[in-house]
Every structure is written in structure tokens, then in C-alpha cells.
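Peer 1: based on what follows, work out the 3D shape:
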Amino acid sequence: MQTSEDIKQWLEGLLGQLEIEGAELEVMGSEERWEVQINVAAESSGEMIGYRGETLLGLERLLRLMTGQRVALNINDYRQEREQKLRETAFNMAMRCSREGRPFKLHDLSGRERFVVHDEIANNEEIAGWGLESVSEGEGRERVLIIRQRE
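Peer 2: Predicted structure coming up:
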């Protein structure tokens, strides 16, 4: 069983290998789930987050394999900022769908990102009055989220 110190030491070693200095690490959690917050200089955050968060997800998978537990990794509050952008995108797409009367598709979303969009469409009080729904179709990398008029 990994401890927060084990996780912190592993991450410090990884950051050293990547030549990322001055990172602040905070590891919280328990034997069931760890939450890891890494704050790094702005010039390093892009490397650690990657395109659409792919590097961040890879690091999170490594931590999950290392600990054998659920891990939520966040770098410079990327997850909160990404969620806010997704909610704004969902709202704008819903508004266009309602106004234009045609469905809109969102491609290349992770399962977590699809959940955020579905949640925004289902639980935003303003969107609720527009008679819209969101559905996911397809498999794997071909999976798309569709915002459309409720059937």
C-alpha cells in the first residue's frame, strides 16, 4: 500500500527527470483515493498537461498503476479550468441548437469530459427550458456527444 510520502517521492523523482524545478506537490487522500495537486511554473505546465490533457491523463494512469488505487491528478488547476470551458461550450452549443433547430456534435472528449457536458445540458436551469438532450454515440475514439432537441 502506497502512502502519500511514497507518491510524493515518486513524483519528485519524475519531475527531476523531466528537469522541472520548483514544483509544489500536495498529496491528499486515503487508501481508497488519492488527490494530487501539482503547481509548477507556467512554462512547465504545458509539458505536463499536454494536448487536451493527454500527458496529465498518462501521469494519472501511472500513479494509478503504482498505487493500485484511484488517483485524481491536477496540474495548475487545469481540471477546473477545462471543466469551466466545457460548460461554456456546452451552453453555447445548446443555445445554437435551440436557435437553429439542428443537432451539434462534440468530438474527441474523454469520458470525464462527456460527463461534464451531459451534466451541464441536464442540470442547467436555462437549458432545461429549451427542450434539449445530450447523448453519446459510437465506440472508443469514434465516440461523439450530440446535443439535440429532445425526442
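Peer 1: CA only for contacts and neighbour counts going forward, please
Peer 2: Noted.
Peer 1: list the buried residues of the host helix or strand of residue 95.
Peer 2: When elements are assigned from DSSP states H and E, residue 95 belongs to helix 78-100. The neighbour-count check on helix 78-100 (16 or more other CA atoms under 10 Å) flags 78, 79, 86, 87, 90, 91, 93, 94, 95, 97, 98 as buried.
Peer 1: output these as TSV; include the columns distance to residue 27.
Peer 2: Formatted as TSV, those follow (distance: CA to CA, whole Å):
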residue	distance to residue 27
78	16
79	16
86	26
87	27
90	32
91	33
93	36
94	37
95	40
97	42
98	43
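Peer 1: what are the contacting residues of the helix or strand where residue 121 lies?
Peer 2: With elements taken from DSSP H and E, the one containing residue 121 is helix 111-123. Helix 111-123 has contacts (CA atoms under 8 Å, 6 or more residues apart in numbering) with 83, 86-87, 90-91, 94, 127-128, 132-136, 145.
Peer 1: quick check: next helix or strand after the helix holding residue 95?
Peer 2: Downstream of helix 78-100 (by DSSP H and E), the next one is strand 104-106.
Peer 1: give the other helices and strands that the helix or strand of the chain with the lowest mean pLDDT contacts.
Peer 2: Ranking every helix and strand in the chain by mean pLDDT, DSSP states H and E puts helix 42-49 at the bottom, with a mean of 80. Counting contacts by 3 or more CA pairs under 8 Å, 6 or more residues apart in numbering; DSSP states H and E, helix 42-49 is packed against helix 54-67, strand 70-75.
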